[in-house]
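> for reference, the sequence and a predicted model appear below.
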Amino acid sequence: MTIPDIKFIVPILIQLRLICFRDSRLISLVRKLLILPTIWLALSNTHRGNFDGIGPIGFVWAVTLFVGCLKSVDLGFTHRHSIRYIGTHGQRSEESKLDTSTDLGWSAFFDLLTNLRGVGWAWGYTWDIRDIRGISQAHFLRHTLTDIVKHHFLSTFSVALLAHAMDNNDILFTQSIFLSDVAQTLLLGAAAWSGLSLGYSLVSLLVYTYSRITHSHFDPLRWPPLLNDPLKMHSVRDFWSNRWHSLFKRQFLLCGYTPVVKVCRWVGIRDDMARLLGVQGAFLVSALMHEWSIRNALNHSIHPATLPSIAFFQASAAAVALETTIQHLSGRRVGGALGALWAWSFLLLTGIPMMRHWLHGGTLGYVVPPQLWSLKRIVTPFGFLAPADNL
């Protein structure tokens, strides 16, 4: 296996530092020019075989490469006046207007490097943090530890069942292929939710521990929940806009939504339709990321010509457009019990082809059969990813 390198991060780091400087035409030009080496270095990591045998880890690495390219485009074309820290309560909204004429320094650089959702920044996309105003560090610690235990159990349980299915001709519990596929799609979603949440909670705990050891400032509002209880979704739009994570939302909008809307307006398409098509553009960027990443992570598999990941995300975009149109015509949002039933049914049914591409035939990579898991593998976060002779 070829070990991927991380040289593609270097031009991104330079862009991050440059965008903290007081802007000039030269700095703006350099930020744009650095997009090219970022993309070239990222693509040099994608030769077939780079991800052989590491399955889910390979998928995460491929996503990292793709998002790195999007982030570079973001840093290249974002105007300096958008880089303002307004505070987690918005307490610096007026004061931050002066930030555009000064060097924000290395503290801003490190915050922009780790703060993918832009919590506290004018450009940020986060959940409504008013719900956790005044949260104490003790409450934050209890909540984080509880989340780690909960999502560790959920991720381990989900992957164990999925691995069991892969070892039993892709059938889970029932001989009904349809019901088995629905169950596996649900478990794949649960594994994604719990895996993302577990990783985020572990990072949050690490940062909190570091702040306690070094006696540095730690603001719990800087670390709001990554996902907003997806189980409570009441529509497809609510799921993607409010429930799922928004780590890459800015990049999807900048690279997908904004260009499509501008083109639509340029050719004379009215605003409502332009915005709906812009949503399709944002979902298309997400779809390309998932399809491209899974094809790089799969181990020399024969891929379906139907492009299942692209089909899933574009179908979601169409569902969002449909719900928006219903709201426009009726004056009522899709929601309630019927909305929840619609959202669950839609996401599970349209997600089946993507699940088959990712899992059937064990193509996502070898996972030690659950019946062979040691206690050490079970209690270790993400221990199911370790090779057979490691845990």
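On my side now, so go ahead. Numbering: from 1, shown residues only.

> longest helix in the protein, please.
Counting by DSSP state H, the longest helix found in the chain is helix 177-214.

> quick one: buried residues of that helix?
Using 16 or more other C-beta atoms under 10 Å as the test for burial, helix 177-214 gives 180-202, 204-205, 208. C-beta: built from backbone N, CA, C; applies to glycine.

> contact partners of stretch 84-94?
96-97, 99-100, 104, 108, 111, 119-122, 129, 133, 219, 221-222 (C-beta atoms under 8 Å, 6 or more residues apart in numbering).

> and what of stretch 192-204?
The contact list for stretch 192-204 (C-beta under 8 Å, 6+ apart) reads 144, 147-148, 150-152, 154-155, 158, 223, 225-227, 230, 245, 381-382.

> rerun at 10 Å
56, 60, 114, 140-141, 143-159, 218, 220, 222-227, 229-231, 243-245, 247, 381-382, 385 (C-beta atoms under 10 Å, 6 or more residues apart in numbering).

> next one: it to chain centre, how far?
11 Å (C-alpha atoms, centre = their mean, to the nearest Å).

> give the rounded mean pLDDT of that stretch.
Averaged across stretch 192-204, pLDDT comes to 94.

> now do the contacts for the residue nearest the centre of the chain.
The geometric centre of the chain, computed from its C-alpha atoms, lies nearest to L247 (C-alpha atoms, centre = their mean), at 4.9 Å. Neighbouring residues of L247 by C-beta under 10 Å, 6+ apart: V63, V67, L116, R117, Y125, L196, Y200, L226.

> just the closest of these to I12, please.
V67 (10.2 Å; C-beta to C-beta).

> which strands and helices sit next to the helix or strand encompassing that closest one?
Here V67 sits within helix 55-77, counting by DSSP states H and E. Where contact means 3 or more C-beta pairs under 10 Å, 6 or more residues apart in numbering; DSSP states H and E, helix 55-77 is packed against helix 9-20, helix 25-33, helix 35-43, helix 177-214, helix 249-252, helix 271-297, helix 336-359.

> off-centre distance for stretch 140-152?
20 Å.

> please read the previous query as pertaining to stretch 187-197.
Distance of stretch 187-197 from the chain centroid (C-alpha atoms, centre = their mean) equals 12 Å.

> extract the CA atoms of that stretch and return them as CSV.
Extracted C-alpha coordinates of stretch 187-197, given in CSV (Å, rounded to 0.1, in the frame of the first residue of the first chain):
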residue,chain,number,x,y,z
LEU,A,187,-27.3,0.8,10.3
LEU,A,188,-24.9,2.6,7.8
GLY,A,189,-26.6,5.9,8.7
ALA,A,190,-26.3,5.1,12.4
ALA,A,191,-22.6,4.2,11.9
ALA,A,192,-22.0,7.5,10.1
TRP,A,193,-23.9,9.5,12.8
SER,A,194,-22.2,7.8,15.7
GLY,A,195,-18.7,7.8,14.1
LEU,A,196,-18.8,11.5,13.3
SER,A,197,-20.1,12.3,16.8
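
> state the pair within the contacts of L247 that is farthest apart.
Spanning the widest gap among those are V63 and Y125, at 18.0 Å by C-beta to C-beta.

> phi and psi next, for W121.
Phi and psi for W121, reported as degrees, to the nearest 10, are phi -100, psi 150.

> identify the residues contacting it.
Going by C-beta under 10 Å, 6+ apart, W121 touches 82-88, 96, 108, 111-112, 115, 250.

> mind doing that once more with 8 Å?
Contacts of W121 (C-beta under 8 Å, 6+ apart): I83, R84, Y85, I86, L112, N115.

> what is the mean pLDDT for the helix holding V67?
Per-residue scores along helix 55-77 average to 89.

> any idea of the angle that helix forms with helix 177-214?
Helix 55-77 runs at 60 degrees relative to helix 177-214, counting by axes from the mean of the first three to the mean of the last three C-alpha atoms, to 10 degrees.

> buried stuff in helix 55-77?
55-56, 58-76.

> counting by contacts, list what the helix or strand where I148 lies packs against.
For I148, the element it lies in under DSSP H and E is helix 137-166. The elements that helix 137-166 packs onto, with contact taken as 3 or more C-beta pairs under 8 Å, 6 or more residues apart in numbering; DSSP states H and E, are helix 177-214, helix 336-359.
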